[in-house]
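K.L.:
Following is a predicted model, sequence given first.
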Amino acid sequence: MAQYKPVVVQACPKLGERITQDTLYWRGYKTPVQIKEFGAVTKIDFSPVPPYNYAVTASSRIHIYGRYSQEPIKTFSRFRDAAYCATYRDDGRLLAAGSEDGSIRLFDVSGRAPLRQFDGHTKPVHLVGFLSDKYRIFSGGDDYSSNLWDIPSATEIISYSEHSDYVRCGCASKVNADVFITGSYDHTVKLFDARTKSSVMTIEHGHPVESVLLFPSGGLLVSAGGRYVKVWDVLKGGQLLVSLKNHHKTVTCLCLNSSGQRLLSGSLDRHVKIYSTTSYKVVHSFNYATSILSLALSPEDETIVVGMTNGVLNVKHRKPEERNETSQKKRQPAYRTYVKGRTYMPKQEDFCVSKPVKRVLRKYDKLLRSFQSSKALDAVLEPPIMLHTPEVTVAVMQELHRRGTLRSALAGRDEKQVNLLLTFVARRVIEPRFTPVLVTVADMITDIYQPVVGQSAIVDKQFLKLQEAIGKEIDYQEELLEVLGMMDTLFATFTKKTEMCLEENESNGLTETVQTDRNY
Amino acid sequence: MVSPGALRVVRCGGSALCGARAVFSADSYLLCASGDFVKVYSVSTEETLRLMGGHADLVTGIQLNPHNHMQLYSSSLDGTIKLWDFMDGIPIKTFMVGSKLLALYTPASAEDSVFVVIPKKGERDTFQLVSVKLTKGAGQDLEAKELSVVLDGVGSSMKHIAFGREGEYVVSVKEVNLQVYFFKRKLLNRFSLSTMKTKGGDNHFSCVMCHPTEDCIATGHADGKIRLWRNFHHRKEYTYSTLHWHHDIVMDLAFSMEGTRLLSGGVESVLVQWHNESSCQKDFLPRLGSPIESIAMSSDGTLCCTLHTDNRITIINSNLRFSRSIQGLIKSRDVKTGLVVDPRTKALVLNGEPGHLQFYCLQSDQQLFSLDIVQRQYIHQAGLKQSDLVKVAFSAQGTWLATVEESEEVTDPELQLKLWFYNEETQSFKLNTRINTPHDNHITDMCFRDMDELEDDSLILVTTGRDCVFKVWVMVEDTDPEAQQSVSWSCDFVGSYHNYQATNCCFSEDGSLLAVSFEETVTVWDSVTWDLKCTFCHPPGNIRNICFGRLTCSKYLIGATDYGFLCCWNLLTCALEWSAHLNVVVLQPDPLSEHIAAVSWLSKESSLFVFKPNEPRPIYIQRNLCKEKILLAAFVPRDEPEIIRSEKYLWLRRSQLFFLTDTQELMTLSTKSLEERLTPSSKQLAVEESLPVTPFSLLLGKHRRQKAQEDIDLGKLVVHNKHEQASPAVKELLHTPAHVLPSASFLCTIFINSLLISKENKSAEEVADEVEMESEKTEDNSDEDDITEMEQEDTSHMELLGEMTCKLSKSQEKELRKIRKTDYSWISAF
């Protein structure tokens, strides 16, 4: 025997951006905190140890910010000119920074005066970094050279001058203490080994390299320059794995998230794109107010800090995850009662009596089952359903129309209800998925309530609104048709050409067809 | 056996069940009139147990013999009353009455007569109730001419007459008149209701039923009212009360055995149970699926059954719970889907219940299942625009099913194209994609690219519509790994031809070409690039059907126009090969051979032409296939090719042709004679009765057969011998009395081992040895002294040890003891 079949609510696929796990994850940040710096923010570096302070290099100062502080907790301002590339050491105790005058200074995070100063570069130093053995610093300058320095003695160990343009970016391998990479405006990325006199590997990026990044495993290298982000396999001798072109202006900074599963790139086009490192597809994208120069992500992806050309530091904190432990605790025994006996396996001699499954019907379904059309319509005109799930309302209206009782369900309503109905219809009638049904409904309402027009100001207003909505839609459709017509002419010119080609190719077959047709 | 040229048209799927009320026998059988037959169903298993045929025309009434509840009377339009022993399905007696019998009643009070309704002689549309005296002659065929008229001017339906308490009176209703005739007092009371349609009501009687213990008559009316009449002994002081729930005609009424409950049913397909006549207390059993035609109660009151208009019997418990249903071929009003064969089950698929697709098994004459396509509550009400299934297509493997449903509205049909995927786990179709309004107007045809060997991603669906386009739908894989389903369907190409309506579509056998007919023109498209390859037309007249030739004839395209032409075009030369003047209604290619069946409709008779596309001469012609117009046809592949002696019917070897006429009769062509078709099933039933089929009996039967075969070719096949080797063990096991057998746990392993086919190949000598030994063993039963030799046998064959123990006679026990003493050192050699 057939059971009552509930009304089928047509699910419409949501247009636009699809919601994935990634979008949910990356959307989970609070509204950003904006901090004004003195100049363009060229570098942001997170301390690798808790409490994860971060050093922001802007103009001639280096500011250290705490996790939630909006004021710098410390400032290094002993630079005569612009400072560059303030970078933490692995233990978070030392901070190195280059400067416009070619000197590199090393600071103790707790102190104020520089511990060491390394002089050797003749031009500004835009790149400073620690090798993973903690005792050496590498640097790159606008004098085309990249040097290696010994921290205890503050002396230069070796100087490589292989690049033919400014050296602006680089990074050290975390796996090998002797390996570091520099990227230069001469379109190349070079891999150096501190034990050798010259570079080990040269990778041609094709554009001035703005940022380089090594994966934690040390096997993959990411370089950014021009509009391209390129991923290279270092172990295969610098083979290009993938080239990403998702920005439409120069990509300025790169960053990996804490798990290493996602790659972030910031660009002058004001976007931060997030790529999956397995498929290298963009999974999410952030939009900022101005061009982005620097980008950093704190451990656990707790904070995204973005520095921009206009000196604004944009800090986004992750929303605390919703944990309502108290309610969970409350629910647990109930759940246990619920599953009690569920896992019981019947023994062989047991006689099983199955309990009929109770079907839960929605309120409108219950009413429709008992043929109470008017009440069913009332049930779906309640604000929560009407506002959030208009498809349910429309589905019930359609079902009533199918049953031939829509007119009687719509009739006999007071001013308030008619107002409600008309508001709904006027708002939704232009949605293509609801149009066929709601046009019928609107038709019926005007039919039924025609005699009372003029008696209520509210209803009259709603009628006018409906008229306006429909008029607007008609105008819109006319415009669309015009566009369609224009496109048709365009397409027609295109297709004619291809047909000509076809005719040339298959002239034999076509003439034959014509002949056979004539035969009859 | 069969004379050539005797191809018979056979009716399939049985006739409508609602010719007469069903009857419950005392021992849980359900008897039901079905066309010319009486069907016997088992109430508990729903199976058709017996089909009792013998009447030459429609069976109009069946009643149990009140004096012997193992016998059944049946009346038919052929003018005979037959008395059956329904347990064995044997006709006992046939009484010739001589005129059409329209209804049959067998009240217990009448000693040796039954009551029938016959048409009054000389007058049209007037019927009378007569009692027929059934003579007690010796022969099987008896004349029963002793008729005495009881009531004149009665209704023709069996529902219009009812017999009262203990057969004291008979009630008849016709139009707005009610007559009661009291047999003892020979008194006739007439009552009539006003013919005026008061308050829109229609007072016409539709059915009548009498209370089994009280003087009370229940009548159903066309306006849905039920009236309960009392005190009708008096002409003036009669009273009646009214019960009203039904909104349309009350089709049938039934009292429970004690008369405490009254059941009523109508077109609402709701069974209503009225508890107490005075109050309006009632129970409902809603949504029975289709209008209730008649209601019957079992004699013990535990069950009741309703017969429905769609060929279904529903059995209902006494507490108004649905128990089970017996479903034949549902004859829906209009089969729009056509006859489609499910490639998986070989079942015939067509419209079933409203909004459902029925899978009808032709072999067992049962519905396999009913797939709910529309998934909407069906409300039976006149004037409602229902949406129903119009097109169905299966992919070649049966993994995909495409359905099109549309509402009856002409101007703005609510179209939906649904694609269903066969789920192996649940063994049913699951909705995969739903496409709203795939075309702007009605869909005229739909087909899958029918390719067996290709994998799933080449599957293409083509739909043609009256909106002058055909659309190509392809499967797209969803790249998002988190999506619930991996594939869905979307439109790939839209083609049109000079703004003509697309009417038919068809893929060639290899799937490379698609033929779409646009009114007068057939267009052929490349299925890869979707280029128009060539066009054919045969003016004047629109194309009605098109199909490609198959196998060796795959270069031909056949088309039928509504101007009465059948044309065959050659695709290689792009020229007309031949054409014939024939008004083809149905064009159906056989999927397994080159043959194409064309059914024509000329001067009120359907004719069948079977031809191969490469020659214009038909292979087979049958004129006057049936009187009705044939609307649809389908070739159903046979499980195994039938042996057909006549050259003429070779086209029926691989598949069977089924037709559906405009009266919704399913027919087929059979080369077998009627007896041949009927006997096997009845024989099979006889065997089933004498011996219940158990795995054991099958095993035994197999061994017996093998034994017989063994005599013919002794030990030629090794495999044979291995089976044979097991046979004595089983035989002994089964023939030894239970009380002398060792415990079952001991025997079990031996028995199981005996069923295994041993892996190692035995040398010919050994085989011979075994055979010999076996013969000895059979002797062994007779003379038990021959122990020494047996002992030798045992030492040579260890497996036989077990077999020997099966029969633990005294001698063998001795022998066993000896075995125990013998040396087993040889075992270590293994």
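P.N.:
Perfect, thanks for sending it.
K.L.:
Distance-wise, check the closest residue to B:K627 other than its chain neighbours relative to B:K39.
P.N.:
Of all residues not flanking B:K627 in the chain, B:E605 sits nearest, at 6.4 Å (C-beta to C-beta, 6 or more residues apart in numbering or on different chains). Quick note: C-beta positions are derived from backbone N, CA and C, even for glycine. Spatial separation of B:E605 from B:K39 under the definition C-beta to C-beta, to the nearest Å is 31 Å.
K.L.:
go on, A:L464?
P.N.:
68 Å.
K.L.:
Which of the two has more residues huddled nearby?
P.N.:
Using other C-beta atoms under 10 Å in any protein chain shown as the criterion, A:L464 and B:K39 rank with B:K39 on top: 26 against 12.
K.L.:
Secondary structure element for the more buried one, which one?
P.N.:
strand B:37-42 (DSSP states H and E).
K.L.:
Check which helices and strands the helix or strand following that strand sits against.
P.N.:
Next helix or strand after strand B:37-42 toward the C-terminus (DSSP H and E): strand B:48-53. Counting contacts by 3 or more C-beta pairs under 8 Å, 6 or more residues apart in numbering or on different chains; DSSP states H and E, strand B:48-53 is packed against strand B:37-42, helix B:674-690.
K.L.:
Pairing-wise in the sheet, spell out the partners of B:V341.
P.N.:
Per DSSP bridges, the residues bridged to B:V341 are B:L348.
K.L.:
Hmm, it is touching B:L350, no?
P.N.:
No. Assessed by C-beta atoms under 8 Å, B:V341 is found out of contact with B:L350, at 10.2 Å.
K.L.:
which one of the two has more residues nearby?
P.N.:
Taking other C-beta under 10 Å, B:V341 and B:L350 do not tie; B:L350 has more neighbours (26 against 20).
K.L.:
Would you confirm that A:E391 belongs to a helix?
P.N.:
Yes. Checked against DSSP: H, G, I helix; E, B strand; the rest coil, A:E391 lies within a helix.
K.L.:
ok, and the closest non-adjacent residue to it?
P.N.:
Looking at A:E391 with C-beta to C-beta, 6+ apart, the closest residue is A:V9, at 5.5 Å.
K.L.:
How about B:H69?
P.N.:
B:A26 (4.6 Å).
K.L.:
which bits of chain B sit near chain A?
P.N.:
B:285, B:287-289, B:314, B:322, B:325, B:372, B:375-379, B:381, B:383-385, B:387, B:407, B:412, B:436, B:480, B:482, B:531, B:533-539, B:573-576 (C-beta under 8 Å from any C-beta of the partner chain).
K.L.:
Report the separation between the residue nearest to the spatial centre of chain A and A:R27.
P.N.:
Nearest to the geometric centre of chain A sits A:H284, at 2.2 Å (C-alpha atoms, centre = their mean). Look at A:H284 and A:R27: by C-beta to C-beta, they are 8 Å apart.
K.L.:
how about the closest residue to B:E414 other than its chain neighbours, what does it touch?
P.N.:
Among residues not flanking B:E414 along the chain, B:S407 sits closest, at 4.3 Å (C-beta to C-beta, 6+ apart). Contact analysis of B:S407 by C-beta atoms under 8 Å, 6 or more residues apart in numbering or on different chains lists A:R402, B:K385, B:Q386, B:S387, B:D388, B:P413, B:E414.
K.L.:
what do you get for B:C361?
P.N.:
B:C361 neighbours (C-beta under 8 Å, 6+ apart): B:T345, B:A347, B:L348, B:Q367, B:L368.
K.L.:
can you pull the pLDDT of the third one?
P.N.:
Predicted confidence (pLDDT) for B:L348: 88.
K.L.:
Neighbours of it, how many?
P.N.:
23.
K.L.:
again with the last one
P.N.:
Residue neighbour count, defined by other C-beta under 10 Å, stands at 16 for B:L368.
K.L.:
Please apply the same query to the second one.
P.N.:
By other C-beta under 10 Å, 22 other residues sit near B:A347.
K.L.:
same check, this time on A:K461
P.N.:
13.
K.L.:
Next one: it from chain B, what distance?
P.N.:
31 Å (C-beta to the nearest C-beta, to the nearest Å).
K.L.:
Contacts only, for that residue.
P.N.:
Taking C-beta under 8 Å, 6+ apart, one finds nothing in contact with A:K461.
K.L.:
Repeat that for the one 10 residues further on.
P.N.:
With contacts defined as C-beta under 8 Å, 6+ apart, A:G471 has no neighbours.
K.L.:
avg pLDDT for the helix or strand harbouring it?
P.N.:
Here A:G471 is covered by helix A:457-505, with elements defined by DSSP H and E. Averaging pLDDT along helix A:457-505 gives 82.
K.L.:
Could you do stretch B:446-466 as well?
P.N.:
78.
K.L.:
now do stretch A:216-225
P.N.:
The average pLDDT within stretch A:216-225 is 90.
K.L.:
to the chain's geometric centre, what's the distance from stretch A:137-155?
P.N.:
Put simply, stretch A:137-155 sits 38 Å off its chain's centre (C-alpha atoms, centre = their mean, to the nearest Å).
K.L.:
does B:A103 have beta-bridge partners, and which?
P.N.:
Beta bridges link B:A103 to B:V117 when assigned by DSSP bridges.
K.L.:
how many neighbours does it have?
P.N.:
B:A103 sits with 24 neighbouring residues when counted by other C-beta under 10 Å.
K.L.:
what separates it from B:A33, distance-wise?
P.N.:
For B:A103, the distance to B:A33 - C-beta to C-beta - is 11 Å.
K.L.:
hang on, isn't A:V418 packed against A:I448?
P.N.:
No. In this structure A:V418 lies outside contact range of A:I448 using C-beta under 8 Å: 9.1 Å.
K.L.:
Thanks a lot, see you next time.
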